[in-house]
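Chemist: structure of the sequence below:
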Amino acid sequence: QVQLVESGGGLVQPGGSLRLSCAASGSIFSISTMAWYRQAPGKQRELVASIGSGGNTNYATSVKGRFTISRDNAENTVYLQMNSLKAEDTAVYYCNVAARQWRWGSVGSYWGQGTQVTVSS
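Modeler: This next block holds a predicted model:
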């Protein structure tokens, strides 16, 4: 099984910064895409940013220029640096990875437990 442990959420004032981390562990042969999603109260879960195994990135329009996704392949960890935070960024943030548990296995999708980010004065 693959476990994801997230950290770094919390309460921050508008304009502030936070850095989220998500470490994958367990039976992992390889990880392809790593991503962050978020879900605000009463809204659907949405993709915030993703990063491929080669480092190619993709961002939601609402966070472009403010958020940066990165990964450490040696540590199976993905990060989300969030700057210039706004009240509308308030949500539970979830880490997601696409991983193979063995060389010839299928790619599975795994989720973290979520971490709360609250932007408020």
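Chemist: measure the residue in the chain sticking out farthest from the centre to Met34 for me?
Modeler: Distance from the C-alpha centroid of the chain peaks at Trp104, with 26.2 Å (C-alpha atoms, centre = their mean). Distance, Trp104 to Met34, by C-beta to C-beta, to the nearest Å: 22 Å. All C-beta atoms are positioned from the backbone trio N, CA, C, and that covers glycine.
Chemist: look up the pLDDT of Ile60 for me, please.
Modeler: Just to correct that, residue 60 is Ala rather than Ile. Here, the pLDDT recorded for Ala60 equals 98.
Chemist: isn't it up against Val48?
Modeler: Yes - Ala60 lies in contact with Val48 (C-beta atoms under 8 Å); the separation is 5.5 Å.
Chemist: so for the two, which residue has more residues nearby?
Modeler: Neighbours per residue, other C-beta atoms under 10 Å: of Ala60 and Val48, the larger number sits with Val48, 23 against 15.
Chemist: what about Val117, how many neighbours?
Modeler: For Val117, using other C-beta under 10 Å, the count is 22.
Chemist: listing partners with orientation, what would you give for the helix or strand where it lies?
Modeler: Per DSSP states H and E, Val117 falls inside strand 115-119. Sheet pairing for strand 115-119, assigned by DSSP bridges, gives strand 10-12 (parallel), strand 91-100 (antiparallel).
Chemist: helices of this structure, residue ranges please.
Modeler: With DSSP state H as the definition, the chain shows no helices.
Chemist: what about Tyr37, how many residues close to it?
Modeler: 21.
Chemist: can we start the residue count at 28 from this point?
Modeler: Right, with 28 as the first residue, what we last looked at is Tyr64.
Chemist: which residues does it bridge with?
Modeler: Those that pair with Tyr64 in a beta bridge, by DSSP bridges, are Leu74, Tyr121.
Chemist: in this structure it contacts Gln71, no?
Modeler: No - with contact defined as C-beta under 8 Å, Tyr64 does not reach Gln71; the gap is 9.9 Å.
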